[in-house]
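**Student:** Based on what follows, work out the 3D shape:
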Amino acid sequence: MADRRLILAGCALLAAPALLQQAAAQPAPAMPLGQAPGFYRFRVGGWTVTMINDGFNRFPANTFVPGAPPAELRALMDEAFMAGDAITVPFTITFAQRGNTFLVFDAGNGVTAATATNGRMIANMAAAGVDPPAITHVMHSHFHGDHINGLLDATGGRAFPNAEIIVPGTEWAWFGDTANETRSPERQRPAFANTARRFAPYQGRVRQVGAGEVIPGVTAIDAPGHTPGHTVYRLSDGAEQLVFLADALNRPEITARRPDWYFVGDFDGSVAAVSRRRVLDMVATDRIRVTGYHYLFPANGYFARSGQGYAFVPAEWSSAL
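**Tutor:** Below is the predicted model:
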């Protein structure tokens with residue numbers, strides 16, 4: 001019996017290399033392509049803030065910051081490890097919930113082509129457990145398409161069916177008067193028709209606001225220049241604060257380092273620069289956490305004074321709330 005066991009063991013040892021070769025010859029399972037869902041959460045007092053990624057676009061650097069000296073722009077891009085001649089512009093949407101209030105600052109790019117690199121908000125909302133009918137307020141900073149197109153769903157209906165739509169009164173008045181179309185930069189003129197289309201299903205649900213408290217815990221702050229009525233918002237709960245900077249800046253590696261430069265989306269570059277410096281001074285002096293629309297995900301952190309401008313310092317990433 002012992003001899004038989006030894007023979008069987010020897011046969012198994014002889015077969016092992018062949019079995020290992022067969023296993024090694026099997027192709028590894030294909031790794032699924034794509035990224036993990038793009039959302040990130042943190043707290044501001046009693047508010048739970050959820051940052052939701054909406055994809056990205058790319059723009060030629062030389063036209064994106066048209067007032068910048070080319071060599072100086074190239075140096076800033078190299079310092080930020082921006083390779084090539086294009087600037088990647090991310091989109092990140094700020095959601096905040098406290099009690100029965102569930103708000104979103106701007107509405108994202110909306111429905112886009114399957115091959116597009118932007119328009120990821122709805123899928124990432126689902127992954128984050130954020131249900132569009134649960135949104136009580138959509139608070140707009142301004143009316144460029146990447147901020148309002150998401151008001152409509154794939155059928156052309158309300159993407160946020162139960163929400164009150166809060167808009168800066170100055171912005172509403174400007175884009176509601178078609179006579180202003182010819183007074184706008186040519187590339188911004190399509191925004192007039194787009195604004196009318198995107199807000200049409202929300203008739204009776206739009207509330208115009210000025211600077212000051214909008215709802216408990218949310219204050220509007222005028223920051224014109226990017227558009228005539230561009231507005232940023234302060235979220236607060238007790239001593240805890242967060243400022244949503246919208247498009248007061250674009251990529252902070254460039255526009256915070258040189259706040260006096262304007263970028264291609266600015267309606268009035270000189271006015272935008274004044275607003276940019278004012279809000280940067282505020283958040284840097286008071287050490288207020290910020291979120292931004294066109295910052296690298298998860299698009300939240302702080303600004304510190306540095307050289308001619310400011311440096312963006314990302315907030316520490318945490319796996320816990």
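**Student:** average model confidence for stretch 199-213?
**Tutor:** Averaged across stretch 199-213, the pLDDT comes to 98.
**Student:** try stretch 172-190
**Tutor:** Stretch 172-190 carries an average pLDDT of 90.
**Student:** Quick one: the helices in the protein, in order.
**Tutor:** For the chain, the helices defined by DSSP state H cover 2-25, 61-64, 70-79, 121-128, 145-148, 169-175, 190-199, 252-255, 269-285.
**Student:** For the fourth one, buried residues please.
**Tutor:** For helix 121-128, the neighbour count (16 or more other C-beta atoms under 10 Å) marks Met121, Ile122, Asn124, Met125, Ala128 as buried. (Each C-beta comes from the backbone N, C-alpha and C, glycine too.)
**Student:** Could you identify which of the helices of the chain is most buried?
**Tutor:** When those are scored by mean count of other C-beta atoms under 10 Å, the highest mean neighbour count falls to helix 252-255 (a mean of 24).
**Student:** now for that one, which elements pack on it?
**Tutor:** For helix 252-255, the packing partners by 3 or more C-beta pairs under 8 Å, 6 or more residues apart in numbering; DSSP states H and E come out as helix 70-79, strand 309-314.
**Student:** Now do the first one: distance to the chain's middle.
**Tutor:** For helix 70-79, the distance between its averaged C-alpha position and the chain's averaged C-alpha position is 24 Å (C-alpha atoms, centre = their mean, to the nearest Å).
**Student:** which outside residues touch it?
**Tutor:** Ala61, Asn62, Val65, Ile87, Glu253, Ile254, Arg257, Arg258 (C-beta atoms under 8 Å, 6 or more residues apart in numbering).
**Student:** Got the confidence number for the first one?
**Tutor:** Taken from the predicted model, the pLDDT recorded for Ala61 is 92.
**Student:** got it, and the fourth one?
**Tutor:** For Ile87, the model assigns a pLDDT of 95.
**Student:** The residue minimising distance to the centre of the chain: what's it in contact with?
**Tutor:** By C-alpha atoms, centre = their mean, the chain has its centre lying nearest to Thr92, at 1.6 Å. Thr92 makes contact with Met51, Ile52, Asn53, Asp54, Thr291, Gly292, Tyr293, His294, Tyr295, Phe297, Pro298, Ala299, according to C-beta under 8 Å, 6+ apart.
**Student:** returning to that earlier point: rebuild the helices and strands packed on helix 252-255 as CSV, extending it with distance to Pro216 and mean pLDDT.
**Tutor:** Output for these, formatted as CSV (distance: least, C-beta to C-beta, whole Å; pLDDT from 0 to 100):
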stretch, distance to Pro216, mean pLDDT
helix 70-79, 40, 96
strand 309-314, 29, 98
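**Student:** circling back: in CSV, list the contacts of helix 70-79 along with distance to Val218.
**Tutor:** Shown next, in CSV, are these (distance: C-beta to C-beta, whole Å):
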residue, distance to Val218
Ala61, 35
Asn62, 38
Val65, 31
Ile87, 31
Glu253, 28
Ile254, 29
Arg257, 29
Arg258, 30
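**Student:** Between all of those residues, which two are at the greatest distance?
**Tutor:** Between any two of the contacts of helix 70-79, the greatest separation by C-beta to C-beta is 17.5 Å, found for Asn62 and Arg257.
**Student:** picking up where we left off before, and of the contacts of helix 70-79, the nearest to Ser318?
**Tutor:** Among these, Glu253 lies closest to Ser318 (C-beta to C-beta), at 23.1 Å.
**Student:** how close does that closest one sit to Met77?
**Tutor:** Applying C-beta to C-beta, to the nearest Å, the value for Glu253 to Met77 is 8 Å.
**Student:** And for His144?
**Tutor:** His144 is 23 Å from Met77, where distance means C-beta to C-beta.
**Student:** cool, and Glu164?
**Tutor:** Going from Glu164 to Met77 by C-beta to C-beta gives 41 Å.
**Student:** Likewise for Trp174?
**Tutor:** Going from Trp174 to Met77 by C-beta to C-beta gives 33 Å.
**Student:** can you list the helices of the chain in JSON lines and add distance to Ile135?
**Tutor:** Converted to JSON lines, the helices of the chain look like this (distance: least, C-beta to C-beta, whole Å):
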{"stretch": "helix 2-25", "distance to Ile135": "51"}
{"stretch": "helix 61-64", "distance to Ile135": "31"}
{"stretch": "helix 70-79", "distance to Ile135": "36"}
{"stretch": "helix 121-128", "distance to Ile135": "9"}
{"stretch": "helix 145-148", "distance to Ile135": "15"}
{"stretch": "helix 169-175", "distance to Ile135": "20"}
{"stretch": "helix 190-199", "distance to Ile135": "16"}
{"stretch": "helix 252-255", "distance to Ile135": "27"}
{"stretch": "helix 269-285", "distance to Ile135": "25"}
